[in-house]
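Participant: give me a model of this one.
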Amino acid sequence: MPKLARVLPFVQFAAGATRGLRTPPMLICFAAYASFWGAQSLAHSEPGSMVRYQPYFYEYAGQRVVGELGRFEVPERYDHPDGAKVTLAFLRLKSTSSTPGPPIVYLAGGPGGSAIHLAKGARGAVFLKMRAAGDVIALEQRGVGLSEPKLDCEEHLGFPLDQSASLATLRDAFEVKVRDCAALWRSRGRDLSAYTVVESAHDMESLRRALHVPKIRLWGSSYGTTLGLTVLRYHGEHVDRAIFAGVEGPDSTLKFPDTTKHQLETLATLIAADPRLEQEIPDFKALLQKVLQSAASQVYRVPLAANGDQAVVVTLGRFDLEQIVIGSLGDREGLASLPRLLLDFDHRNLSSSRVQEAAKEIAGQRSGPVDSMMSLATDCSSGASAERLAEIDRQTKIDLLTHIDFPIPDICPAVGVPTLPAKDRMPVHSAVPTLFMSGTLDGRTPRRNEEEVRRYFTHAQSILIEGAGHGDDLFVSSPAIGDAMVEYMLTGNVKAKVIQDPPLRFR
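Facilitator: Got it, this is the predicted structure:
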C-alpha cells in the first residue's frame, strides 16, 4: 500500500471446588497467577538484566493466550549512550517445545507497524504456531506501539473534501503538518535523526543482551526485512537464522513505478482468464486510462451516506484515483475489487459500495492525522542511491501510475533528518541461514527484490507463494506457509519450494 494509505487482558482461570471458601474464588485464582508471574519476573531480573516483565493476556480465536509484556531501555543514540533514552516494549509468547531454540523476534513492516497488534490480529495463528520452535517475541520498534515515546503526530491533515487533490496541493498540505509535528517532537527533546533503520538494528542487539541469549532468530516482513538485513549487516554473528517475507532491500525504500506497471499487466492477464469479467473489460489498460482521463477533465463528486443531518461529498480528481489504484494493487483483496471499482467509476455509479469505500478511505486520509514521525523519519533517513533515484525519475516520466510512495520522498525536507551514508544501502553479504518468501501477486515487494538480495547469501532457501500478495497474504493465505516457517525454524530446511494459494476470485 502507498504510505498515504497506511496509514485487553483476560485470564483463563481453572475451575475448582469453591464450596466453603470465604474468599471469592476468582480472587484466589488471580492471586495464584500473580504469585506465579511475580516469581517469573524475579527469575528474569538477575544482575545485568534490563527487562521489566508483567503478565499479559489476550484472546485470539476463542482462546486465552498467556504471554509476558517486557520493557527495557536503550539509548536514543548509540553514539551517545549517556544521553536520552527510549523504552522498548515486546510481547513474549513462551515456546511450547521442551527443547526450544533461540528466541524468534518478529520485525514488523511499515515502518511504523505494531508487532503486538499483528500478533493479536490477522497473523495471530502464525505467531502461536511458531512457538513450536522457540519463544516468539513481538517487538515494538522505537517510536512505535507500546514503546515510549510513541512518535505519533497529533496534527490532522485537514485537506478540504470538496476539492480534488493534486501532487502539489497535497504535498503542500502535508509539508505544513509534518513540519509542525517534527518541531513538536524536537521541542520535547527528541532527536529525530535517531529514528533510523541502523539505530533500530542496534536495538536488536540490545534485546539479545537483555534476554541473556547467545543468539536470536529473525522473522521480518516488508520493511521488517530491511531492518532484519541491517541487523545481519551489523550484528550477524548473533543471529542463528532468519525468515524474510516480502523482501525490501537496503536500497528499496523508494519503489519503482515499473512495479505497478507489471502488476497492472498481471491483473489484465487474470481478467482475460475470467470469461464473465473479460466480456465486461476487454481492455483493462484502456479502461484505467479512460477513468483517469475522466477524473482529470471532470472530477468525481462522491456523496457519502449522510452523517446525521449533514451530507458529505468527497471530490476525487486524477491524483486521487491514481492513489486509490496504487493502494489496490498490493494484495489479493485490492486486486479482486479493482476491476469492478473502475467499472463503477467509468459508469459514474458513485453510490456503489466499492466507490463509497474508496471515497471514505480518501476522506479519512484528508481529515485524519498525518503519518507517524517514526515512520517518516525512518523512511526519509533511508533515502535512495543516486542510481535508483535516476531510474525512478526515468520511469516516472513514462509510466501511467507514479508517486507510489507518496508522501515519501516529497515531504522529507519537512521532516529534516539527514540521509544515512551510502554504505547502509549497499548489499548485505551474509552466511546466516535465511529463508526468503515472495508472492507472485505482491504489488509492493516483488520477487525481483528477493532475487537481488538473495544472491549475496551463502546459505539461502526460497519459497514462492503462487497467488499471494503483500502483507497478510504472505503468511495466512495458505496454512502451508506457517507450516513451512515452523519447519525451517526447527530444522533449517524446507521441503516446499512453491506454495499454491487458492485462485484469485474477482468480486
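Participant: pLDDT score assigned to the closest residue to S114 other than its chain neighbours?
Facilitator: Closest residue in space to S114, ignoring its immediate chain neighbours: G145 at 3.7 Å, by CB to CB, 6 or more residues apart in numbering. In this view, the C-beta of every residue, glycine as well, is placed from N, C-alpha and C. G145 carries a pLDDT score of 96 in this model.
Participant: G145 is in what secondary structure piece?
Facilitator: Secondary structure from DSSP states H and E places G145 outside every helix and strand.
Participant: that one: how many residues sit nearby?
Facilitator: Counted with other CB atoms under 10 Å, the neighbours of G145 add up to 24.
Participant: state the phi and psi torsions of it.
Facilitator: The phi/psi pair for G145 (degrees, to the nearest 10) reads phi 60, psi -120.
Participant: who does the helix or strand that contains R388 touch, helix- and strand-wise?
Facilitator: Here R388, judged by DSSP H and E, is contained in helix 386-398. Other elements packing on helix 386-398 under the criterion 3 or more CB pairs under 8 Å, 6 or more residues apart in numbering; DSSP states H and E are helix 257-272.
Participant: for R190, what are its contacts?
Facilitator: Shown in contact with R190 (CB atoms under 8 Å, 6 or more residues apart in numbering): 76, 84, 149, 151.
Participant: tell me if it really is in a helix.
Facilitator: No. Going by DSSP: H, G, I helix; E, B strand; the rest coil, the assignment for R190 is coil, not a helix.
Participant: ok, it to A182 distance?
Facilitator: From R190 across to A182, the span is 9 Å (CB to CB, to the nearest Å).
Participant: rewinding a little: any idea how far G110 is from the residue nearest to S114?
Facilitator: G145 is 11 Å from G110, by CB to CB.
Participant: then A336?
Facilitator: 24 Å.
Participant: quick one: which of those two has more around it?
Facilitator: Between A336 and G110, G110 has the larger neighbour count (other CB under 10 Å), namely 21 against 17.
Participant: name the element the more buried one belongs to?
Facilitator: Using DSSP H and E, G110 maps to neither a helix nor a strand.
Participant: per-residue pLDDT, it?
Facilitator: On the pLDDT scale, G110 is placed at 96.
Participant: re the thing from before, what's near enough to touch the residue nearest to S114?
Facilitator: Contact analysis of G145 by CB under 8 Å, 6+ apart lists 89, 114-117.
Participant: could you dump those to TSV with neighbour count, secondary structure and pLDDT?
Facilitator: Shown next, in TSV, are the contacts of G145 (neighbours: other CB atoms under 10 Å; DSSP: H, G, I helix; E, B strand; the rest coil; pLDDT from 0 to 100):
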residue	neighbour count	secondary structure	pLDDT
A89	23	strand	98
S114	21	coil	97
A115	29	helix	98
I116	25	helix	98
H117	17	helix	97
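Participant: so what are the domain limits for this protein?
Facilitator: What the record gives for the chain is the domain set 8-43, 47-151+191-250+427-500, 156-177+262-420, from automatic domain parsing.
Participant: OK, contacts around the residue nearest to S375 when sequence neighbours are not counted?
Facilitator: Among residues not flanking S375 along the chain, G112 sits closest, at 3.4 Å (CB to CB, 6+ apart). Neighbour list for G112: 6, 143-144, 371-372, 374-375, 378 [criterion: CB under 8 Å, 6+ apart].
Participant: tell me the spacing between G112 and S187.
Facilitator: Applying CB to CB, the value for G112 to S187 is 21 Å.
Participant: then L329?
Facilitator: From L329 to S187 the distance is 39 Å (CB to CB).
Participant: and the two? Which one has more around it.
Facilitator: L329 (26 against 8).
Participant: helix/strand/coil for the closest residue in space to the more buried one that isn't next to it in sequence?
Facilitator: Closest residue to L329 apart from its sequence neighbours, by CB to CB, 6+ apart: G443 at 3.8 Å. Of the three states, G443 takes coil under three-state DSSP.
Participant: contacts only, for G443.
Facilitator: Remark: with contacts taken as CB under 8 Å, 6+ apart, G443 is in contact with 259-260, 263, 329-331, 334-335, 469-470.
Participant: which of those residues fall within helices?
Facilitator: Judged by DSSP state H, those include 259-260, 263, 334-335 as members of helices.
Participant: as JSON lines, those with neighbour count and pLDDT would be great.
Facilitator: Formatted as JSON lines, the ones in helices among the contacts of G443 follow (neighbours: other CB atoms under 10 Å; pLDDT from 0 to 100):
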{"residue": "T259", "neighbour count": "23", "pLDDT": "95"}
{"residue": "T260", "neighbour count": "24", "pLDDT": "95"}
{"residue": "Q263", "neighbour count": "25", "pLDDT": "97"}
{"residue": "G334", "neighbour count": "24", "pLDDT": "97"}
{"residue": "L335", "neighbour count": "22", "pLDDT": "97"}
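Participant: and which of the residues you listed is nearest N493?
Facilitator: Nearest to N493, judged by CB to CB, of the ones in helices among the contacts of G443 is T259 at 30.8 Å.
Participant: my read: the closest one touches I404, true?
Facilitator: Yes. Shown here, T259 and I404 form a contact pair, counting by CB atoms under 8 Å, at 7.2 Å.
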